[in-house]
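> the sequence isn't on hand, but the structure is:
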């Protein structure tokens, strides 16, 4: 296994196990562009952005500059809450696609389950998928009850569910649900912004394997079959995050990391999100 290794989504599309997240990366100073270019140089082929991040243009600049063939890249973006609804989502997709400078997207996600809107939004994603404008469609921040409601009327099952997930929020019920329904789970903020790097268990494992706390956590993700998109604009850190394929955590060590769960979020709970903003 390596940085180029992929998982097969339930529709047969290959998705890299690791990608670069670009949340809060600036466009004006070139941060988003430069971070994407350095990540591609390191070997990343998956880039995750969103309409809400307001840096799709920066990602697009990098994609125009790289010599890596388009078919070797996996580009994800998301429709934001105030863009949801059937027609609104179709328009939002075109805005994002043009900002990215792409003919098609690899993955398009509903960013949050906006009550009363996400089912119509999903119908728009199904149309985009059936029209060949996106290779795969999915959701973000959906809990099992959101997925149950979506699946009542969906003609296409989501291929991906991107959620906050890390050892202190390991979401066993959601993981089991997605596994049962063959929905690929993807972790945003997999390192929880470094909040628990100093945990004794993580420190012990990092020392044992001569790895960083971040590498131990990302390896935990990988061994659980979770796609992960750590954010970093530093080329050195991007390389470090990707260097997780030369060691393996034992079953006991995986369980020890599992024991760190405290249901502690750094982002909002999907059922408590203020969708009026």
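Cool, got the structure. Owing to the predicted nature of the structure, the values given are computational and were not obtained by experimental measurement.

> residue 185: what secondary structure?
Here residue 185 takes the strand state, with states given by DSSP: H, G, I helix; E, B strand; the rest coil.

> quick check: residue 97 touching residue 106?
No: under the criterion of C-beta atoms under 8 Å, residue 97 is not in contact with residue 106, lying 11.6 Å apart. To be clear about C-beta, it is placed using only N, CA and C from the backbone, and glycine gets the same treatment.

> residue farthest from the centroid of this structure?
Distance to the chain centre peaks in the chain at residue 208, reaching 28.7 Å (criterion: C-alpha atoms, centre = their mean).

> what distance do you get for that residue to residue 79?
According to C-beta to C-beta, to the nearest Å, residue 208 and residue 79 sit 43 Å apart.

> quick one: residues contacting the nearest residue to residue 44 once chain neighbours are set aside.
Leaving aside its sequence neighbours, residue 44 sits nearest to residue 20 (C-beta to C-beta, 6 or more residues apart in numbering; 5.1 Å). The contact partners of residue 20, by C-beta atoms under 8 Å, 6 or more residues apart in numbering, come to 35, 36, 39, 44, 46, 47, 48, 229, 230, 231, 232, 238.

> now flag whichever of those is closest to residue 218.
residue 230 (6.4 Å; C-beta to C-beta).

> gap between that closest one and residue 161?
Applying C-beta to C-beta to residue 230 and residue 161 gives a distance of 18 Å.

> rewinding a little: got phi/psi on the residue farthest from the centre of the chain?
phi -60, psi -40 (degrees, to the nearest 10).

> so the residue nearest to residue 165 when sequence neighbours are not counted bridges to which residues?
Spatially, and ignoring its direct neighbours in sequence, residue 165 is nearest to residue 187 (3.9 Å; C-beta to C-beta, 6+ apart). Assessed by DSSP bridges, residue 187 has beta-bridge partners residue 163, residue 228.

> all numbers from here: first residue = 8
Taking 8 as the first residue, the last one we looked at is residue 194.

> mind listing what residue 110 touches?
Shown in contact with residue 110 (C-beta under 8 Å, 6+ apart): 77, 104.

> try residue 23
10, 11, 12, 13, 51, 52, 53, 81, 234.

> pretty sure the last one sits against residue 193.
The reference is to residue 234. Yes: in this structure, residue 234 is within contact of residue 193 by C-beta under 8 Å, at 4.1 Å.

> tell me the pLDDT at residue 32?
Confidence at residue 32, expressed as pLDDT, is 96.

> what about it, neighbour count?
For residue 32, the count of nearby residues is 24 (other C-beta atoms under 10 Å).

> so the residue lying closest to it once chain neighbours are set aside versus residue 107, what's the distance?
Leaving aside its chain neighbours, residue 32 sits nearest to residue 39 (4.1 Å; criterion: C-beta to C-beta, 6+ apart). Residue 39 is 11 Å from residue 107, where distance means C-beta to C-beta.

> what do the two both touch?
With contacts taken as C-beta under 8 Å, 6+ apart, the residues that reach both residue 39 and residue 107 are 56, 66.

> of those two, which one has the most company?
Between residue 39 and residue 107, counted using other C-beta under 10 Å, the more crowded position is residue 39 (27 against 22).

> and residue 237 and residue 168? Which one has more around it.
In terms of neighbours (other C-beta under 10 Å), residue 168 is the more surrounded of residue 237 and residue 168; the figures are 26 against 22.

> flag every buried residue along the longest helix along the chain.
The residue-count maximum for a helix in the chain (DSSP state H) belongs to helix 93-107. Neighbour-count burial for helix 93-107 flags 93, 95, 96, 97, 99, 100, 103, 104, 106, 107 (criterion: 16 or more other C-beta atoms under 10 Å).

> list the contacts for the last one?
Spelled out, that is residue 107. Per C-beta under 8 Å, 6+ apart, neighbours of residue 107: 56, 63, 64, 66, 67, 70, 82, 84.

> quick check: pLDDT value at the residue farthest from the centre of the chain.
For residue 215, pLDDT reads 98.

> list the residues that contact it.
Counting by C-beta under 8 Å, 6+ apart, residue 215 has no contacts.

> would you point out the most distant pair within the contacts of residue 107?
Across those (C-beta to C-beta), the longest gap, 13.3 Å, separates 64 and 82.

> what about the two, which has more around it?
Shown here are residue 64 and residue 82; by other C-beta under 10 Å, residue 82 has more neighbours (27 against 15).
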